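Engineer: mind folding the following:
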Amino acid sequence: MFTLTMWVMLQTLDDDVPRHQDRLANPGLVVRPQAIEISYNHSEPTQYNPYVQQLHDLLQQYNDSIQEGNELCLVGEYTDQDEQPKKKVCQFKRSTLRQCSGLPDTSFGYAEGQPCVIIKMNRVSTVPSPAFTHIQHGSLKALPTLQF
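Structural biologist: Numbers count the residues shown, from 1 in each chain. Here you go, the predicted model:
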């Protein structure tokens with residue numbers, strides 16, 4: 001009976017969906033560098049090097065050469081992928097972070113006393129309401145007059 005029950009349960013698993021998902025409701029956030037408090041002397045590189053290394057490790061997968069293989073998504077356009085077993089990944093090039101990319105300044109501003117902190121939001125997997133499927137752009141003065 002136990003074997004039959006296990007076999008039936010295993011038949012319900014989908015190969016395209018993760019078996020183990022965290023219990024947090026979406027979205028999940030990643031903050032780097034991972035530290036309760038960021039405290040360092042900017043004239044002592046050994047104090048801030050662990051923070052810089054965490055940022056380099058996080059951004060390695062976002063190098064422009066690696067991101068060229070991902071799909072070019074339009075800004076402000078929602079891409080519905082619910083029915084697709086293999087989800088598309090939009091390009092996010094490291095160079096778009098400018099000063100916090102680690103490209104012009106390999107110390108991410110820590111050497112100058114202006115450190116970068118990166119907040120990464122994981123994929124949100126809910127159905128958007130119709131009001132938020134189209135993003136409108138405008139000045140802050142026009143914000144109260146935007147129609148959703």
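Engineer: how about the helix or strand bottoming out on mean pLDDT in the chain: buried residues?
Structural biologist: One helix or strand of the chain scores below all others by mean pLDDT, DSSP states H and E: strand 29-32, with a mean of 80. Residues of strand 29-32 classed as buried: residue 32 (neighbour count, 16 or more other Cβ atoms under 10 Å). From N, CA and C alone the C-beta is placed, and that goes for glycine too.
Engineer: convert the C-alpha atoms of the helix or strand just after that strand to PDB, please.
Structural biologist: Next along the chain after strand 29-32, taking DSSP states H and E as the criterion, comes helix 45-59. C-alpha atoms of helix 45-59 as PDB (Å, rounded to 0.1, in the frame of the first residue of the first chain):
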ATOM      1  CA  PRO A  45      41.200  47.800   1.900                       C
ATOM      2  CA  THR A  46      41.400  44.600   4.000                       C
ATOM      3  CA  GLN A  47      38.300  45.800   5.900                       C
ATOM      4  CA  TYR A  48      36.100  46.300   2.800                       C
ATOM      5  CA  ASN A  49      37.500  43.600   0.500                       C
ATOM      6  CA  PRO A  50      35.000  40.900   1.700                       C
ATOM      7  CA  TYR A  51      32.100  43.300   0.800                       C
ATOM      8  CA  VAL A  52      33.600  43.900  -2.600                       C
ATOM      9  CA  GLN A  53      34.200  40.200  -3.200                       C
ATOM     10  CA  GLN A  54      30.500  39.500  -2.500                       C
ATOM     11  CA  LEU A  55      29.400  42.100  -5.000                       C
ATOM     12  CA  HIS A  56      31.800  40.700  -7.700                       C
ATOM     13  CA  ASP A  57      30.500  37.100  -7.000                       C
ATOM     14  CA  LEU A  58      26.900  38.300  -7.400                       C
ATOM     15  CA  LEU A  59      27.500  40.300 -10.600                       C
END
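Engineer: many thanks, have a good one.
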